[in-house]
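[1] got a structure for you, letters missing:
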């Protein structure tokens, strides 16, 4: 392909923040590639088509529409193929001779020094059953729990049967009374509180309180990262794209694995918050309150401000659930709240880490009353429906 490249119209696409192959390589390739076109995506990493798919697709369409296709000369291509094949055969022969000589030297040396001259207890033999060109050392390993076939695992490990549904498997595990929805949350109904508390707060109020907070978090992430949203969470274009997140100064001190995975983890967090909204609204049905109107302009001025605000909201969410659990009566509602709270706590831990704080700063998390949470979130709230204002008027 290299031999024919200068005859074929070529588009080179690079990210200016590519940590694997720096953009300088693309600039040099463009300079040595007559007729090529170079496009460098600002803020993009190693995968520009992931970082900015819309701009990438527009670039491809423009390249196809404005570039004259090549008209290859069959005779010239034939000569190039023959010449390249001969050169490749010559290189392969030289490589074969070098490897054969190395193997002959190794066999001679092993014959003088014994079967295991370096004390490598794992080396058993040289596999002479394979062609000379592919001979290599052969190793043996004792079987471990991790490498045993499925049919040799101890009977104490439960393996779902073929065709068995997730609900059926959980039912066998003792969760048969739970109805499952997206994300593994329990589908509950906001019925009247059962005996056990005398606080006078129905569970429906606590579920609506949680729904209001989830509206806030989901709207924040959709405005920051883009998305279709859901009922009560308007869709939005992205404020920050993948390259801006992974290449931000906020993440400069982390290794490549954390930086490259940050965008995916944050979009997963967005999707979790949307799922929480859908679950709570579905559980409440007609009793669900509508969303407040939010303003996150001060929190989306930079990637650093976005990550710091996300940390604040997630930790506030954990304190909200921890503080509200004391007012919940029905066991199903308690379990559903705990399932959401544990996910919120994982979000908070991850964002603590990204912001340079301890992922788990204390053994016990302090719960906050609904009035305290509402006051903490009021900086992002422009207005709320009367039903929400009345709700927070009733709550402690």
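    Perfect, thanks for sending it. This structure is a prediction, so every number in the text was calculated from the model and none was measured.
[2] distance check, the closest residue to residue 60 other than its chain neighbours against residue 44.
    Leaving aside its chain neighbours, residue 60 sits nearest to residue 11 (7.6 Å; criterion: Cβ to Cβ, 6 or more residues apart in numbering). For every residue, glycine as well, the C-beta is placed using N, CA and C. Going from residue 11 to residue 44 by Cβ to Cβ, to the nearest Å gives 15 Å.
[3] what's opposite the residue nearest to residue 60 in the beta bridge?
    residue 37 (DSSP bridges).
[4] quick check, residue 14 in a strand?
    Yes - read with DSSP: H, G, I helix; E, B strand; the rest coil, residue 14 is one of the residues of a strand.
[5] worst-scoring helix or strand of this protein, pLDDT-wise?
    strand 137-139 (a mean of 36; mean pLDDT, DSSP states H and E).
[6] can you give me the neighbour number for the residue nearest to residue 60?
    14 (other Cβ atoms under 10 Å).
[7] got it, and residue 290?
    Residue 290, neighbours per other Cβ under 10 Å, totals 16.
[8] buried ones in stretch 39-56, by neighbour count?
    39-41, 43-48, 50-52, 55-56 (16 or more other Cβ atoms under 10 Å).
[9] avg pLDDT for it?
    For stretch 39-56, mean pLDDT rounds to 85.
[10] how about residue 298: what's its closest non-neighbour residue?
    residue 305 (7.5 Å).
[11] mind checking pLDDT for that neighbour?
    94.
[12] give me the helices and strands touching the helix or strand where it lies, please.
    In this structure, residue 305 sits in helix 303-324 according to DSSP states H and E. Secondary-structure packing of helix 303-324 (3 or more Cβ pairs under 8 Å, 6 or more residues apart in numbering; DSSP states H and E): helix 203-225, helix 256-284, helix 331-354, helix 370-377.
[13] switch the cut-off to 6 Å
    helix 203-225, helix 331-354 (3 or more Cβ pairs under 6 Å, 6 or more residues apart in numbering; DSSP states H and E).
[14] and the ones you listed, which one averages the lowest pLDDT?
    helix 331-354 (a mean of 90).
[15] and that helix with helix 203-225, angle?
    30 degrees (axes from the mean of the first three to the mean of the last three Cα atoms, to 10 degrees).
[16] look up phi and psi at the nearest residue to residue 262 once chain neighbours are set aside.
    The shortest distance from residue 262 to any non-neighbouring residue, by Cβ to Cβ, 6+ apart, is to residue 245 (5.5 Å). Per-residue torsions, residue 245: phi -70, psi -50 (degrees, to the nearest 10).
[17] just to revisit the earlier point, so which of the helices and strands packed on helix 303-324 is nearest residue 384?
    helix 203-225 (7.9 Å; Cβ to Cβ).
[18] that older thread, the buried residues of stretch 39-56 in strands, which ones?
    Mapping these onto strands (DSSP state E) picks out 39, 40, 41.
[19] check contacts around the second one.
    For residue 40, the set of contacting residues under the criterion of Cβ atoms under 6 Å, 6 or more residues apart in numbering consists of 14, 16, 23.
[20] and the pLDDT for the residue nearest to residue 221 when sequence neighbours are not counted?
    Closest residue to residue 221 apart from its sequence neighbours, by Cβ to Cβ, 6+ apart: residue 270 at 3.5 Å. Note for residue 270: predicted pLDDT of 95.
[21] ok, residue 270 to residue 220 distance?
    9 Å.
[22] swap in residue 304?
    Counting by Cβ to Cβ, the gap from residue 304 to residue 220 is 15 Å.
[23] compare these two (neighbour count), which wins?
    A direct count of neighbours by other Cβ under 10 Å for residue 304 and residue 220 places residue 220 higher, at 22 against 13.
[24] can you count the residues close to the residue nearest to that one when sequence neighbours are not counted?
    Nearest residue to residue 220, sequence neighbours excluded (Cβ to Cβ, 6+ apart): residue 296, at 5.4 Å. Per other Cβ under 10 Å, the neighbour tally for residue 296 reads 20.
[25] got it, and residue 393?
    8.
[26] next one: residue 342
    Neighbour tally, residue 342, other Cβ under 10 Å: 11.
[27] start at 20, not 1
    Yes, from this point I'll number from 20; that puts the last item at residue 361.
[28] how near is it to residue 384?
    When residue 361 is compared with residue 384 (using Cβ to Cβ), they lie 11 Å apart.
[29] do the same with residue 238
    With Cβ to Cβ as the criterion, residue 238 and residue 384 are 24 Å apart.
[30] do residue 324 as well
    24 Å.
[31] now do residue 44
    48 Å.
[32] those two: which has the busier surroundings?
    With neighbours defined as other Cβ under 10 Å, residue 44 and residue 384 compare such that residue 384 has more, 17 against 13.
[33] check which helix or strand covers the more buried one.
    Under DSSP H and E, no helix or strand contains residue 384.
[34] can I see the domain layout of this structure?
    21-85, 97-158, 203-413 (automatic domain parsing).
[35] measure residue 298 to residue 404 for me?
    In terms of Cβ to Cβ, residue 298 sits 20 Å off from residue 404.
[36] one more: residue 364?
    From residue 364 to residue 404 the distance is 29 Å (Cβ to Cβ).
[37] please apply the same query to residue 50.
    61 Å.
[38] these two: which is more packed in?
    residue 404 (14 against 10).
[39] mind checking pLDDT for residue 305?
    92.
[40] which of the domains of the chain comes out lowest on mean pLDDT?
    domain 97-158 (a mean of 55).
[41] hmm, back to that, most tightly packed of the domains of the chain?
    Looking across these with neighbours counted as mean count of other Cβ atoms under 10 Å, the highest average goes to domain 203-413: a mean of 18.
[42] correct me if wrong: residue 254 contacts residue 245.
    No - using Cβ atoms under 6 Å as the test, residue 254 is too far from residue 245 to be in contact (8.2 Å).
[43] residue 348 belongs to a helix?
    No - using three-state DSSP, the secondary structure at residue 348 is coil, not a helix.
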